Every structure is written in structure tokens, then in C-alpha cells.
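Trainee: The following block contains a protein sequence and its predicted model.
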Amino acid sequence: MLDASYIREHADQVREAIRRKGDDADLDGWLRLDRERRELLQSSEELRAVRNRVSEEIALLKKEKKDASEPIVRMRETGARIKEMEGRLKEVEEGLESIAARIPNVPHPDVPEGDESANREIRTWGEPRRHSFRARPHWETGEALGLLDFPRGTKITGSGFPVFFGAGALLQRALIRFMIDLHRREHGYREVYTPFLVNRASMFNTGQLPKLEEDMYLAERDDLFLIPTAEVPVTNLHADEIFDEEMLPVRYVGYTACFRREAGAAGRDTRGLNRLHQFDKVELVHFVRPEESYDVLEELLGHAETVLQRLGLPYRVLLLADGDLSFASAKTYDIELWAPGQERWLEVSSCSNFEDFQARRAKIRYRPKEGKATRHVHTLNGSGVALPRLTIAFLEHYQREDGTVEVPPVLQPYMDGLRVIE
């Protein structure tokens with residue numbers, strides 16, 4: 001959430017952010033209510049001063065045993081007007097909060113303007129693999145090797161909920177363990193395991209609510225949401241808390257299952273593991289000082305890239321244009337893997353700086369060493385990385401002509417020494 005003074009003083013910039021992100025927040029309505037709020041506060045303060053003077057006048061008249069009926073009437077009328085203003089002030093403040101909750105974060109100046117087509121390629125790593133035989137899409141390889149079963153997932157739950165068998169299940173567990181060990185041992189993250197259900201406050205704090213509620217799974221009886229990403233519970237670990245500056249930066253790595261209703265357009269974008277309603281992900285979350293956050297964003301991106309480099313999977317890094325940014329993000333990099341069986345790039349990680357947008361909602365602050373007033377931290381997160389498209393690239397990149405799949409050396413210890421999936 002943006003600071004009220006920032007919205008007021010940078011209205012043109014906020015209006016442009018709303019336009020560039022394709023949102024429809026009523027900024028004019030917010031500005032109108034903000035003016036009314038300040039006028040109400042001033043008027044009510046003046047009336048309270050009048051009431052105090054009249055109260056003193058009444059007390060003096062009574063002390064002198066004189067008639068105080070006229071000032072008593074005036075004081076009652078003033079009190080009624082103050083009460084009326086307080087009621088309106090409450091309505092105005094609720095309106096301001098409702099509109100502010102729908103105002104998106106302002107994109108960083110480096111962010112390109114435009115839709116998805118304006119995303120800017122920053123760099124690539126590795127060469128997209130061109131097999132000497134017809135590269136099979138992962139659903140063919142996965143089903144032929146008994147790793148994936150889409151019909152049974154549909155039978156027990158519905159589309160978008162695949163079942164992994166045998167080496168397929170082992171592969172999911174191996175990738176999770178490999179990534180968590182890498183981030184914990186080499187990148188200095190503290191591992192955390194959080195609930196898969198969160199309350200409304202947690203979803204609001206990280207920016208999923210109110211805008212994205214229709215995309216979420218809701219357990220209505222308990223009013224709890226299945227998490228769309230570990231970003232939600234991990235960021236909210238420190239909601240309503242104040243760090244000492246010496247504690248920063250704080251960084252966590254956590255595995256969770258993720259749940260999302262949105263399944264994309266029909267066709268190849270939803271075939272196989274491309275878009276799922278339930279999937280696994282390893283998430284990286286940072287709490288940092290504001291002046292460090294953009295350096296940390298580059299570091300975070302590098303940590304996600306390391307996963308793919310160790311696995312030997314070619315990828316590219318994109319700087320997202322403002323029209324492709326999430327509601328809460330100020331700047332985001334996407335990492336896309338090359339999928340030879342489909343001959344296209346697939347997003348496997350998003351690394352974002354939210355600046356103080358989430359921290360304001362969640363009231364996450366820190367106390368500077370000098371003893372100055374508390375400040376909001378900056379929060380960042382990134383997939384480190386998501387499993388479905390990592391699995392896609394793995395099966396399509398390492399497939400062999402005979403239908404088997406190689407296991408890269410770095411992953412073999414996590415696969416019980418398995419070198420080839422047959």
C-alpha cells in the first residue's frame with residue numbers, strides 16, 4: 001500500500017502507475033475524500049475549541065450562580081455537530097482505505113512501458129538444446145516412463161492436479177531438497193516450513209486481496225485461503241513486528257505447495273504441466289533496509305539462476321514491462337527455461353522488489369541504530385524455483401532418443417544414485 005502523503009504529493013505519478021498497470025483504482029475519488037477528511041479534521045478541531053471555551057463559560061456562570069442555559073444549549077449543539085462530523089469522518093476514512101487498497105505499487109523508473117511484448121531480455125545462459133531426433137513434449141515422455149498420470153489426477157480431483165509416480169515423485173522430492181540445500185548452505189538462507197492455509201489479513205498484506213480473490217481457493221467455513229505462493233505465509237511471519245536494524249537483512253527459504261484457480265487460456269498453455277491448479281515451489285523471501293533493496297534484487301536473481309546453472313538448463317532473464325508487473329511489484333525479473341519438446345520459453349521464476357508496499361500493509365518496520373523513528377523495511381521475493389516448468393525443461397532437455405531421461409550429476413545423490421530414468 002502506498003503512503004497517503006505520497007499519493008497526495010505525487011498524484012500524477014500514481015495516476016500514471018494505475019494506467020500503466022492496467023488497473024482501475026479511483027484516484028480522483030481518493031483525492032476528493034482526502035480533501036474532505038482534512039477539512040473535517042480542521043472543522044472538528046475548531047468546534048472542539050469552541051466547545052472547550054463554552055464549557056469554561058458555563059463553569060464560570062455556575063460559579064457566579066448565573067443563568068447558564070443559553071451556553072448549555074450552544075454546547076449541546078456544538079457537541080451534536082462534532083458527533084455528526086465524527087460519523088462522516090469514519091465513513092470517509094473507510095472509503096479512503098477501500099480505494100487505497102486497490103491502488104497498485106508504482107513501477108521503478110527502470111521498468112519498460114508496455115505489455116508483455118515490451119519485456120526486455122537482459123541476458124541468456126546456455127544454448128537451447130536441439131536434439132538430433134524429434135524432441136518429445138514432457139507429457140509424452142512422462143507418461144511413457146510412468147512418471148506422470150494426468151487422467152488419475154483428473155479422476156480424484158479435476159484437471160490441473162497431476163499425479164506423480166515412482167521416479168517422477170522422487171524427482172519432485174529431489175529437486176526440492178536440492179534447491180533448499182543450495183540456498184541454505186551456499187546462499188545463507190534460513191529454512192522455514194509454514195502453513196498452506198492463511199487468513200484474509202495475510203492475503204491482504206502481500207497484495208493478493210482484494211484484487212485477486214477470484215483466483216484463490218477459499219475454505220469458506222473457516223474463511224482461510226489456500227496459499228498461491230509461499231510468499232504469503234513467509235512474508236507475514238513478521239507482520240506487526242519491528243526489527244532492530246542490526247537484525248537486517250533477514251532471508252528465508254521455504255517449500256510449499258501452491259494453489260491457484262487461474263489456469264490460462266485453452267490450448268498448449270494448459271497442456272501437461274504447463275499450467276496447474278496445484279504445484280510445488282521453493283520460495284526466497286528477503287526483509288532489507290530500503291537503501292539496499294535493489295542491490296539485493298540482483299543478488300536474489302542470481303540465487304535463482306544458480307539453481308538452473310547447476311542443473312545445466314539453458315535460460316534467459318527478462319525485465320518485465322509495467323503492464324506485465326504484479327499489483328504489488330515495483331520491479332520484477334522473470335527467468336524462462338527453454339523447453340525443446342515445445343520449442344518455447346517457459347517462466348520458472350519471478351524475482352521482485354516490492355519496496356515498502358507490502359511492509360506498509362503488514363506493518364513490518366525496523367528501528368534504526370541512531371534511534372530515529374521506525375521505518376518500513378523493503379520486502380523482496382523470488383521463486384527459487386517453481387517445480388512444474390523446471391520438470392518440463394528437465395524432461396525435455398535431458399530426454400534421449402530411446403525415450404529415457406538422463407539425470408545430471410548434481411541431482412544424482414538426491415535421486416538415490418539414479419543416473420538414467422527408464
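Mentor: All right, it came through fine. Only a predicted model underlies this, so the values are computations on that prediction, with no experimental measurement involved.
Trainee: Ramachandran angles for M75?
Mentor: In terms of degrees, to the nearest 10, the main-chain angles of M75 are phi -70, psi -40.
Trainee: whoops, I mixed them up, G95
Mentor: phi -60, psi -40.
Trainee: Does it touch R32 like I think?
Mentor: No: applying C-beta atoms under 8 Å, one finds G95 not in contact with R32, separated by 9.4 Å. (Glycine included, C-beta is placed from N, CA and C.)
Trainee: Comparing these two, which residue is more hemmed in?
Mentor: Using other C-beta atoms under 10 Å as the criterion, G95 and R32 rank with G95 on top: 18 against 15.
Trainee: Count the residues that sit near the residue lying closest to that one once chain neighbours are set aside.
Mentor: Spatially, and ignoring its direct neighbours in sequence, G95 is nearest to L33 (5.0 Å; C-beta to C-beta, 6 or more residues apart in numbering). Neighbourhood size, L33 [other C-beta under 10 Å]: 21.
Trainee: One more: the one 10 residues further on?
Mentor: If you count neighbours by other C-beta under 10 Å, S43 ends up with 14.
Trainee: State the helix or strand in which it lies.
Mentor: Assigned by DSSP states H and E, S43 falls within helix 27-63.
Trainee: What is that helix packed up against?
Mentor: Under the contact criterion of 3 or more C-beta pairs under 8 Å, 6 or more residues apart in numbering; DSSP states H and E, the helices and strands touching helix 27-63 comprise helix 4-9, helix 11-20, helix 69-100.
Trainee: now the last one, how far from the chain's geometric center?
Mentor: Pointing back at helix 69-100 there. Taking C-alpha atoms, centre = their mean, to the nearest Å, one finds the center of helix 69-100 at 38 Å from the center of the full chain.
Trainee: Please apply the same query to the first one.
Mentor: Between the mean C-alpha point of helix 4-9 and the mean C-alpha point of its chain there is a distance of 23 Å (C-alpha atoms, centre = their mean).
Trainee: Go through it and flag the buried ones.
Mentor: I7 (16 or more other C-beta atoms under 10 Å).
Trainee: neighbouring contacts of it?
Mentor: Residues outside helix 4-9 that contact it (C-beta atoms under 8 Å, 6 or more residues apart in numbering) are 14, 27, 30-31, 34, 96, 100, 103.
Trainee: Mind checking what secondary structure E336 has?
Mentor: strand (DSSP: H, G, I helix; E, B strand; the rest coil).
Trainee: what's the closest non-adjacent residue to it?
Mentor: W345 (3.9 Å).
Trainee: Mind pulling up the pLDDT for the residue nearest to G95?
Mentor: Per-residue confidence for L33 comes out at a pLDDT of 97.
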